[in-house]
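K.L.:
Provided below for reference: sequence and predicted model.
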Amino acid sequence: MRKTSKLKGEAHINSVGVSVPAEEVIPLNCKCRFKCSETFSNDVRGKICADYYAMGDKFRQKDYLLQRLIVRRVQRRRIVSKEPSGIETLSQTTQISVAYYLEYQGTRHRVCQSFFLKTLCLSNRAVMTATDGKTVSGTFSKMDFRGRQPSVNKTDDEHRQTVKSRRESLL
């Protein structure tokens, strides 16, 4: 119940027992070069957020994110230092560049990262997880392997069989 409420963005009580409010659009007055606040009103942002959380499935939500992202290699690098011999050292910190898009009335509009994340009430970790699990076809297929490892203290079958046969011989 808690897991589905969390995926749907509804109010729920987390595993520690703290009440978590429902997901709502975080107010933002963006003044970037994409003019995000002029393109999308708060009502439209609320509808986009509601549509995202109405999916209720983490794999569909990750696919939704991947459809609205364009990931490519960095095109320009910053010069960190220049030696007298003319050799330039370029920064190597960032390997990919991500362009964020939101759909409104059938057209895609580019938005800045903060506007995208605050519209969908996400952290950057959700976006990076989606891009890390992206397949060649552009869908998310990375499995979540939590809870799928064998138990550490499980008694092996051979030992169980010897105990069972010993018990039956005593009866």
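P.N.:
Received the coordinates, thanks.
K.L.:
Let me see the contact set for the closest residue to Arg77 other than its chain neighbours.
P.N.:
In space, and not counting its chain neighbours, Arg77 is closest to Leu90: 4.1 Å by Cβ to Cβ, 6 or more residues apart in numbering. Where you see a C-beta, it was placed from the backbone N, CA and C, and this is true even at glycine. By Cβ atoms under 8 Å, 6 or more residues apart in numbering, the residues touching Leu90 are 77-80.
K.L.:
From Ser97, how far off is Leu90?
P.N.:
Leu90 is 15 Å from Ser97, where distance means Cβ to Cβ, to the nearest Å.
K.L.:
Same question for Arg110.
P.N.:
Distance, Arg110 to Ser97, by Cβ to Cβ: 13 Å.
K.L.:
for Pro84, same thing?
P.N.:
Taking Cβ to Cβ as the measure, Pro84 falls 31 Å from Ser97.
K.L.:
Comparing those two, which residue is more hemmed in?
P.N.:
Using other Cβ atoms under 10 Å, the more surrounded residue of Pro84 and Ser97 is Ser97, with 12 against 5.
K.L.:
Next, name the residue at the spatial heart of the protein.
P.N.:
The centre of the chain sits closest to Ala126, judged by Cα atoms, centre = their mean, with a distance of 1.9 Å.
K.L.:
For this protein, give me the ranges with low pLDDT.
P.N.:
Across the chain, the ranges flagged by pLDDT under 70 are 1, 136, 144.
K.L.:
And the helices in this structure?
P.N.:
Secondary structure of the chain by DSSP state H: the helices cover 2-7, 36-39, 42-54, 58-67, 113-119, 124-132, 157-170.
K.L.:
which residues sit against the second one?
P.N.:
Under the criterion Cβ under 8 Å, 6+ apart, residues 28-31, 104, 109, 111-112, 115 lie in contact with helix 36-39.
K.L.:
do that again at 10 Å, thanks
P.N.:
By Cβ atoms under 10 Å, 6 or more residues apart in numbering, the residues outside helix 36-39 that reach it are 28-31, 45, 100, 102, 104, 107, 109-112, 114-116, 118-119.
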